[in-house]
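Peer 1: Curious how this folds, go ahead:
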Amino acid sequence: MNPKPRVLIIAEAANPALTSVALIGYSLAQALSTVAEVHLVTELRNQEALLAAGWPKEAVTFIDNRFAQGLAFRIAKYLRGGTSLGWTIYSALYNIAYPLFELKAWHHFKKPLTLGHYDIVHRITPLSPTIGSPLAKRLKKLGIPFIWGPINGGTPWPKEFPELRTNEREWLSPFRKLYRFLPWFHSTRQEATALMVASRHAWSEMPKAYQDKLIYIPENAIDPERFPLKKPSERLIEQGPIKVAFLGRLVPYKGADMLLEAALPLIKAGRMELFILGEGPQRESLEATVKQEDIAAHVHFSGWVDHTEVANHLHPCQIFAFPSVREFGGGVVLKAMALGLCPIVINYGGPGELVTDNTGIRLPLSTRAPL
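Peer 2: Predicted coordinates for the structure are as follows:
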């Protein structure tokens with residue numbers, strides 16, 4: 001039997017205590033560790049959570065890039081002019097901050113890589129296609145395969161909701177395609193052995209010269225121990241109102257306000273109970289609507305829910321309603337489906353790829369009123 005491949009994993013964001021990209025980085029690194037001999041290279045801020053989760057000390061190296069990363073975060077927040085992060089602005093600034101992380105990693109691992117201690121280098125995070133890799137060209141010279149992915153992001157703001165980009169203060173997004181002129185754009189793709197893309201949009205953005213290297217695989221999945229698979233037919237529908245769940249940040253493009261507005265007639269008729277899981281700037285206005293409509297007994301706000309508790313909150317429900325109109329991945333949809341909830345999503349971006357017409361309800365993207 002061949003020994004397991006020795007893989008050096010580059011995952012700047014890899015944290016079991018967080019969600020989104022950081023949880024993806026950790027989960028994929030952990031999954032790779034079951035089939036390969038891996039060593040994880042990640043940012044120092046992830047140290048406490050990784051070691052607490054049982055990641056072996058000898059199988060991880062922490063790189064301190066907190067100053068550059070934090071500076072990019074703070075500048076993006078200032079330029080956005082709001083209380084939360086403008087991702088396009090942050091990604092643009094992170095193109096300056098992130099390469100320093102990889103260059104520090106190269107300085108640390110140059111000798112073991114040169115001596116052939118690793119068979120493959122796999123960069124998992126960042127997911128963004130805009131952030132190139134200073135390592136790719138160096139690894140090609142050493143004859144070490146470089147894998148990049150999953151790559152995802154950049155789903156266009158839907159023209160049906162022109163106000164959302166303004167509300168999110170994403171004023172930089174019209175200039176996003178300029179990332180093709182950034183350093184390492186072509187060298188990363190040219191020198192990579194394989195490019196894993198996580199969405200049809202990410203595939204469409206890849207220049208034709210590199211499309212023979214593409215492998216399509218969504219970055220999201222579920223842990224069957226945390227989300228035991230159930231068929232919808234196995235779920236008992238109790239007497240009384242049907243229970244509908246929403247889980248996500250309470251920001252305009254996630255559409256919790258559209259869901260509440262659409263659900264009002266059913267809630268008032270005693271036919272629906274709505275569970276809104278998540279936190280964000282829209283919560284105050286949502287709660288004001290609930291109070292105004294006198295339906296507080298039937299609409300429940302749980303606030304921020306730790307991802308380890310998500311299954312417990314979703315389990316009592318039968319439907320997962322997720323009217324997000326701009327979602328790259330949509331891993332929460334998979335969690336709900338695994339638990340046997342029927343998903344209702346917008347057929348755009350990640351959720352539209354994760355749900356089929358045989359596994360849920362996909363509403364065509366349109367303007368607010370029809371949705």
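
Peer 1: lowest average confidence, helix or strand, in this structure?
Peer 2: Lowest by mean pLDDT, DSSP states H and E among the helices and strands of the chain is helix 66-80, with a mean of 71.

Peer 1: any idea which helix or strand comes after it?
Peer 2: Using DSSP states H and E, the helix or strand that follows helix 66-80 in sequence is helix 87-114.

Peer 1: Give the other helices and strands that that following helix contacts.
Peer 2: Packing contacts for helix 87-114, counted by 3 or more C-beta pairs under 8 Å, 6 or more residues apart in numbering; DSSP states H and E, involve strand 6-11, strand 37-43, strand 60-63, helix 66-80, helix 135-142. (Glycine included, C-beta is placed from N, CA and C.)

Peer 1: Mind doing that once more with 7 Å?
Peer 2: On a contact count with 3 or more C-beta pairs under 7 Å, 6 or more residues apart in numbering; DSSP states H and E, helix 87-114 meets strand 6-11, strand 60-63, helix 66-80, helix 135-142.

Peer 1: Please name the residues that touch L286.
Peer 2: Contacts here follow C-beta atoms under 7 Å, 6 or more residues apart in numbering; on that basis L286 touches 250, 256-257, 260, 276.

Peer 1: again, only using 10 Å
Peer 2: L286 sits next to 250, 256-257, 259-260, 276, 280, 299, 301 when contact means C-beta atoms under 10 Å, 6 or more residues apart in numbering.

Peer 1: now do L23
Peer 2: Per C-beta under 10 Å, 6+ apart, neighbours of L23: 13-17, 220, 307, 331.

Peer 1: With G255 instead?
Peer 2: Residues near G255 by C-beta under 10 Å, 6+ apart: 161, 164, 246, 248, 261-262, 282, 321-327, 346, 368, 371.

Peer 1: can you do 8 Å?
Peer 2: Contact analysis of G255 by C-beta atoms under 8 Å, 6 or more residues apart in numbering lists 322-325, 346, 371.

Peer 1: quick one: which of those residues sit in strands?
Peer 2: Among the contacts of G255, the ones falling in strands (DSSP state E) are 322, 346.

Peer 1: could you dump the contacts of G255 to CSV with neighbour count and distance to G54?
Peer 2: Converted to CSV, the contacts of G255 look like this (neighbours: other C-beta atoms under 10 Å; distance: C-beta to C-beta, whole Å):
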residue, neighbour count, distance to G54
F322, 24, 32
P323, 21, 37
S324, 25, 33
V325, 23, 38
I346, 25, 38
L371, 18, 43
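
Peer 1: Would you check which pair of the contacts of L23 lies furthest apart?
Peer 2: Maximum pairwise distance among those (C-beta to C-beta): 18.0 Å, between A17 and N220.

Peer 1: ok, those two, which is more surrounded?
Peer 2: N220 (22 against 16; other C-beta atoms under 10 Å).
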